[in-house]
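J.: Next come a sequence and a model predicted from it.
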Amino acid sequence: RGSIDMNDFNNGRVFFVYGEDEEQISDVEVDYNRYSDIDEDGDRLQKVLVDTDLDGDDDYRQTVTGLDTDTEHSFTICVEYEDEDGDDTLECDSTEDFETDN
């Protein structure tokens, strides 16, 4: 789960990235400018779109299944939007970790 506040921007594309590779998850906002450019990488990195037109702020929750048991996973919520120069931009929250049960 996570929250997004668009501040003065509109038309946010909100998504989660998750997987077993914390470094890939943490680097999403550095390595990419658009949701569509993010390459999924098996169990290491997956993405799931939860909103395509956020204006204002909202809270999001997403359930995923099929995760490997007894494994550490990481996730973060991100938003893609056009900045004041009209450039595509990604911003993500801090990366969170959790471990699945046996």
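T.: Nice, thanks for sending it over. If you're wondering where the values come from, they're calculated on a predicted model, not measured in any experiment.

J.: Tell me where the model's unsure across the chain.
T.: For the chain, no stretch has pLDDT under 70.

J.: and the spatially most central residue of it, what is it in contact with?
T.: Geometric centre of the chain, nearest residue: residue 16, 3.0 Å, by CA atoms, centre = their mean. Listed by CB atoms under 8 Å, 6 or more residues apart in numbering, the contact set of residue 16 reads 2, 47, 48, 50, 60, 62, 75, 76, 77, 78. C-beta here means a position set from N, CA and C on the backbone, and glycine is covered the same way.

J.: want to throw these into TSV with distance to residue 22, neighbour count and secondary structure?
T.: Compiled in TSV, these are given as follows (distance: CB to CB, whole Å; neighbours: other CB atoms under 10 Å; DSSP: H, G, I helix; E, B strand; the rest coil):
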residue	distance to residue 22	neighbour count	secondary structure
2	16	20	strand
47	15	17	strand
48	18	13	strand
50	21	16	strand
60	21	15	strand
62	18	15	coil
75	10	21	strand
76	10	19	strand
77	15	23	strand
78	15	23	strand
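
J.: Among these, which one sits closest to residue 101?
T.: Among the contacts of residue 16, residue 75 lies closest to residue 101 (CB to CB), at 16.7 Å.
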